[in-house]
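A.B. asks: make a model of this:
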Amino acid sequence: MKTTYGSILARARALEQETVRILCDLVRTPSFSSKEKEVIQVIRKEMTEAGCDDVRIDALGSIVGRIGNGKRTIAFDAHVDTVYAGDLSQWTFDPFAPKVEAGKVWGRGTVDQKGGMASMLTAARLIKEMALAPEVTVLLTGTVMEEDCDGLCWQHLISEDNVRPDLVVITEPTNMNVYRGQRGRMEIRVEVKGVSCHGSAPERGVNAVYKASRIALEIEKLNERLGHDSFLGKGSITVTEVVSSSPSLCAVPDAARLHLDRRLTAGETMDTAIAEVRDAAQRANVADAAVSVLTYEEAAYTGKVYPTQKYYPTWTLPESSPHLHAAVETYRGLFAKAPLVDKWTFSTNGVAIAGKHGIPCLGLGPGDEVYAHAANEATPIEHLTGAAAFYAGLVGRFAGSVD
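C.D. replies: Numbers count the residues shown, from 1 in each chain. Alright, predicted model coming up:
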């Protein structure tokens, strides 16, 4: 006899306080990018107690729990690093002393995105208790360094450990909607040279800041010309940092650089984006601008350095995908309504999983992304429970064990 969606939701509700407890434990264990070691140990304990058949930590520091050993594999991903708390005067409580109030769990990471991990851990318990994964492998990944370099963790899992699921469910916040894509992004540097001279006679030199400023104004114009996709929306580009150097504050700058944040919509690539920036420099009458894509090469908490170019491709799951159909039907079976199918505004690990490696991805996560990285971050408890039920129900549908 097959399990029903109703019984999965009922059991998730019965475990609601346990899900809340897990999330509080995760929040009170700070875990900034490349500093996730302690929270990984908390997750290891929870995965073991949930009944995972195997739990391992890869060389970059991400944790992978496994249930079952079938030929088909479905994975659930939550990055476990968070941004810093920022200006503490904007918080009404200690961001790392979680509280439960007004039907929500409050604290840094409750939305982005330890809530997704807490729901995944409860889902693991449901999958084991209710035998939802016959002849299927379920992977639960707690991944590192996403806030600093989205997708790096999965590049490592795929390329170094040969982890290639049939489907990856990203548990980033979606306000309990089903998401099927996102714009890509790039980090671009533009460098220009000047000729220094004494500031009392600037006509003797060439001011690098003026050259960079002219390019920055052309970047502003470029942003208005970028293309639009009916699903993903418009591409964008903006200057996010200006840095200059000179022999002194009484000297004309001899060098300057711009840092550009580029968001890529459908059809835009690294090559097209670089060509557009070079054209902007030409329009600014700056012939010697050097345009490059930055490289991330920070060490993980394990000490491993895994360099990657800061190009994060756009990705979408087609509307015709059977995986999307399964997600919609699972949602309908659990909640007696159809989900909103949409996309993320920000970037996720899907840039590597789907964007670089072509592995199908979709997403559903607790919390509203508008509260990600914000002070007084909080996620609704009912979202945590609903997400846990959805993950378990989708596994059941994937395995054919749910009716």
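A.B. asks: C-alpha only now, for contacts and for neighbours.
C.D. replies: Will do.
A.B. asks: and the helices in the stretch 301-403 of the chain?
C.D. replies: For the stretch 301-403 of the chain, the helices defined by DSSP state H, counting those that start in this stretch occupy 322-335, 350, 381-399.
A.B. asks: swap in the stretch 1-150 of the chain?
C.D. replies: Assigned by DSSP H, counting those that start in this stretch, the helices in the stretch 1-150 of the chain fall at 5-14, 16-27, 37-50, 114-129.
A.B. asks: what is the last one packed up against?
C.D. replies: Same thing as helix 114-129. When contacts are defined as 3 or more C-alpha pairs under 8 Å, 6 or more residues apart in numbering; DSSP states H and E, helix 114-129 sits against helix 5-14, helix 16-27, helix 37-50, strand 72-79, helix 381-399.
A.B. asks: L258 is nearest to which of the ones you listed?
C.D. replies: strand 72-79 (29.4 Å; C-alpha to C-alpha).
A.B. asks: what about this protein, any weak spots by pLDDT?
C.D. replies: Low-confidence segments of the chain, defined by pLDDT under 70: 1.
A.B. asks: out of the helices of the stretch 1-150 of the chain, which gets nearest to H259?
C.D. replies: helix 114-129 (29.8 Å).
A.B. asks: tell me the buried residues in stretch 369-385?
C.D. replies: Applying a neighbour-count criterion of 16 or more other C-alpha atoms under 10 Å, one finds 369, 371-385 buried in stretch 369-385.
A.B. asks: out of those residues, which one sits closest to G194?
C.D. replies: Using C-alpha to C-alpha, the buried residues of stretch 369-385 come closest to G194 at H373, 37.7 Å.
A.B. asks: domain map for this protein?
C.D. replies: 5-182+314-399, 184-296 (automatic domain parsing).
A.B. asks: which one of the ones you listed lies closest to K304?
C.D. replies: Set against K304 and scored by C-alpha to C-alpha, those come closest in domain 5-182+314-399, at 6.0 Å.
A.B. asks: can you get me the start-to-end distance on the closest one?
C.D. replies: 14 Å (C-alpha to C-alpha, to the nearest Å).
A.B. asks: how about stretch 235-251?
C.D. replies: Stretch 235-251 has an end-to-end distance of 38 Å (criterion: C-alpha to C-alpha).
A.B. asks: how about D25: what's its closest non-neighbour residue?
C.D. replies: V42 (7.8 Å; C-alpha to C-alpha, 6 or more residues apart in numbering).
A.B. asks: gap between that neighbour and I22?
C.D. replies: Taking C-alpha to C-alpha, one finds V42 at 9 Å from I22.
A.B. asks: comparing the two, which residue is more hemmed in?
C.D. replies: More crowded of V42 and I22, by other C-alpha atoms under 10 Å: I22, with 21 against 14.
A.B. asks: for M117, see how far away the more buried one is.
C.D. replies: Where M117 is concerned, I22 sits at a distance of 9 Å (C-alpha to C-alpha).
A.B. asks: before we move on, what about A354?
C.D. replies: Taking C-alpha to C-alpha, one finds A354 at 20 Å from M117.
A.B. asks: go on, F93?
C.D. replies: If you measure F93 against M117 using C-alpha to C-alpha, the figure is 23 Å.
A.B. asks: in terms of neighbours, single out the busier of those two.
C.D. replies: M117 (32 against 15).
A.B. asks: wait, the more buried one sits on G142?
C.D. replies: Yes. Contact criterion C-alpha atoms under 8 Å: M117 and G142 qualify, at 7.2 Å.
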